[in-house]
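Q: model this:
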Amino acid sequence: MRNSDLDRSLVEKMHGEAPPEWFVSDGCSCSPDFLGPIDLRSSCHWHDWAYHQGGLESHRFQADRDLWRNIRECGAKRWWANVYYYRVRAWGFDHFHYWGTSKPSACRRMWTIIFGRY
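A: Residues are numbered from 1 along each chain as shown. I've put the predicted structure just below:
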């Protein structure tokens with residue numbers, strides 16, 4: 001999907017850098033794009049762009065926090081935002097484009113899975 005495929009009223013509420021129009025994402029990847037009537041595609045599209053840009057672990061943490069905020073902006077309950085957030089914190093490290101050698105060790109990744117953050 002591209003920016004033009006998304007609900008404009010939700011796009012205006014998104015936190016984080018807006019993806020360029022050429023950027024194509026698959027939405028919420030391994031999670032539902034919709035929670036009943038709630039459209040989460042824009043929040044996942046923004047998150048995919050942040051992961052595509054990559055950076056250090058601090059950039060990933062900010063991208064994941066923005067995902068949580070954006071899911072709430074889409075109208076999802078806090079519980080659902082937490083589910084998406086902790087899932088991506090635990091399993092998203094392989095999809096984030098780390099710069100150089102900044103990818104966390106296996107031990108730090110396990111810490112994330114257990115406790116939800118570094």
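Q: mind showing which ranges of this structure have poor pLDDT?
A: 101-118 (pLDDT under 70).
Q: measure the spatially most central residue of it to A18 for me?
A: Closest residue to the average C-alpha location of the chain: H47 at 3.3 Å, with Cα atoms, centre = their mean. Separation of H47 from A18 (Cβ to Cβ, to the nearest Å): 12 Å. From N, CA and C alone the C-beta is placed, and that goes for glycine too.
Q: max-length helix in the protein?
A: helix 57-73 (DSSP state H).
Q: helices of this protein, start to end?
A: Along the chain, counting by DSSP H, helices occupy 8-11, 41-53, 57-73, 78-91, 106-115.
Q: only alpha carbons, please: show the fourth one as PDB.
A: What follows is helix 78-91 as a C-alpha-only set of coordinates in PDB (Å, rounded to 0.1, in the frame of the first residue of the first chain):
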ATOM      1  CA  ARG A  78      -5.000   0.800  24.900                       C
ATOM      2  CA  TRP A  79      -5.100  -3.000  25.300                       C
ATOM      3  CA  TRP A  80      -4.800  -3.500  21.500                       C
ATOM      4  CA  ALA A  81      -2.100  -0.900  21.200                       C
ATOM      5  CA  ASN A  82      -0.100  -2.800  23.900                       C
ATOM      6  CA  VAL A  83      -0.500  -6.100  22.100                       C
ATOM      7  CA  TYR A  84       0.900  -4.600  18.800                       C
ATOM      8  CA  TYR A  85       3.600  -2.700  20.700                       C
ATOM      9  CA  TYR A  86       4.900  -5.700  22.700                       C
ATOM     10  CA  ARG A  87       4.800  -7.900  19.700                       C
ATOM     11  CA  VAL A  88       6.900  -5.600  17.600                       C
ATOM     12  CA  ARG A  89       9.300  -5.000  20.500                       C
ATOM     13  CA  ALA A  90       9.800  -8.700  20.900                       C
ATOM     14  CA  TRP A  91      10.000  -9.800  17.300                       C
END
